[in-house]
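1. Generate coordinates for the sequence data below:
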Amino acid sequence: MNLSVDPAFFELLTGSYERLVGRSLIPPEKANQNPARWLYEAAPFCVLAHNTARDPVFIYGNKMAQACFGYSWDELTSLPSSRSAEEVNREERQQLLNQVRQNGFATGYRGLRIAKSGRRFWIEDVTVWQLVDLQGILHGQAAIYRQWRDAK
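-> Sure thing, here's the model as predicted:
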């Protein structure tokens, strides 16, 4: 199922962010202009989400995240999210995800990631949050970051 502009997934993504982090993922001026499409196609920041599988798989990555990682939608949404980090950095990534599981969200994370091409890059000032619906059911975790730069 393609969740890129799915209204129910958009509500889960943005609603859980607002409830946990305390601010809106969508700028007020975009709220009445098909915000799901704006977030997917035009947002100037990266948003990714993965499911609750034992080895979670990405279920969402906006166009900016796809460009950052160098994957198409179909490639990204079949990729285990652990493969977005090199093996040596996966323990640090897992510690972050455990913190998010415990506290609902975490901010200020910085981590090294790897693109499809093998290019290594830093993601900075990352916020990760639980994708929890209004009934309290966990659907995965999501992340937003506005800054990234190639690793030297």
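
2. Show me the strands in this structure, by range?
-> 46-50, 58-61, 105-114, 120-132, 138-145, 147-150 (DSSP state E).

3. possible to save those strands as a markdown table with distance to S72?
-> Placement of C-beta: from N, CA and C, glycine included. A markdown table is the format used below for those (distance: least, C-beta to C-beta, whole Å):
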| stretch | distance to S72 |
| --- | --- |
| strand 46-50 | 14 |
| strand 58-61 | 10 |
| strand 105-114 | 17 |
| strand 120-132 | 18 |
| strand 138-145 | 19 |
| strand 147-150 | 19 |
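
4. Quickly, which of those strands bottoms out on average pLDDT?
-> If these are sorted by mean pLDDT, strand 105-114 sits at the bottom with a mean of 91.

5. Can you mark which positions in the helix or strand bottoming out on mean pLDDT in the chain are buried?
-> Counting by mean pLDDT, DSSP states H and E, the chain has its least confident helix or strand at helix 90-103, which shows a mean of 81. Under the neighbour-count criterion of 16 or more other C-beta atoms under 10 Å, helix 90-103 has 93, 96-97, 100 buried.
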